[in-house]
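Visitor: Next comes the sequence, and after it the predicted model I'd like to discuss.
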Amino acid sequence: MQNRKIRDARRFKGQCGFSLIELMIVIVILGLLASMLVPKIMDRPNEARVTKCRMDMKALDSALKLYKLDTGRYPTTEQGLKALITKPDTRPVPRNYRKGGYLDASTTPVDPWGYDYIYRSPGEDDRPYELISLGADGMEGGEDYDADIKSWE
């Protein structure tokens with residue numbers, strides 16, 4: 001048994017650890033993998049914000065439809081999305097306003113980038129209303145994550 005240990009120790013003598021070339025190859029491979037994966041991971045927060053914006057718009061759309069069911073009309077542009085939280089006191093004042101409002105919030109909702117949603121009623125092209133987020137840059141137009149997100153698209 002002891003002879004076997006001595007034999008194994010002699011056979012592996014000088015072979016413990018990695019050579020510098022082996023370490024460099026591993027580092028290069030890890031660098032290549034990181035250069036391919038990092039750009040994909042970096043866009044995830046922006047993709048998540050766009051998805052959250054679309055989900056928020058669907059929730060606002062549902063609240064607006066409930067508002068119309070109860071009051072017979074959508075809030076005016078002047079009343080805005082605040083009409084979903086507190087009963088409007090500007091004309092036309094709704095008669096059958098739901099107690100507690102139509103959103104579980106105390107402030108007017110903002111998009112995932114912190115900008116106010118744009119609400120217009122009536123909207124263009126015979127739409128009863130328009131709900132728009134200006135995207136990451138907070139300005140009209142733009143491309144990719146800066147593009148406007150519209151509830152009807």
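Guide: That came through fine.

Visitor: If I look at residue 105, what pLDDT would I see?
Guide: pLDDT for residue 105: 82.

Visitor: Residue 81 now?
Guide: On pLDDT, residue 81 comes in at 93.

Visitor: Next: residue 15.
Guide: pLDDT, residue 15: 59.

Visitor: Show me where this protein has its strands.
Guide: With DSSP state E, the ranges of strands along the chain come out as 118-120, 130-133, 149-150.

Visitor: just checking, which of the ones you listed sits deepest inside the structure?
Guide: strand 130-133 (a mean of 21; mean count of other Cβ atoms under 10 Å). Glycine gets a C-beta too; all of them are placed from N, C-alpha and C.

Visitor: Can you give me the neighbour number for the closest residue in space to residue 137 that isn't next to it in sequence?
Guide: Leaving aside its sequence neighbours, residue 137 sits nearest to residue 146 (Cβ to Cβ, 6 or more residues apart in numbering; 4.1 Å). By the criterion of other Cβ atoms under 10 Å, residue 146 has 15 neighbours.

Visitor: Same question for residue 19.
Guide: 8.
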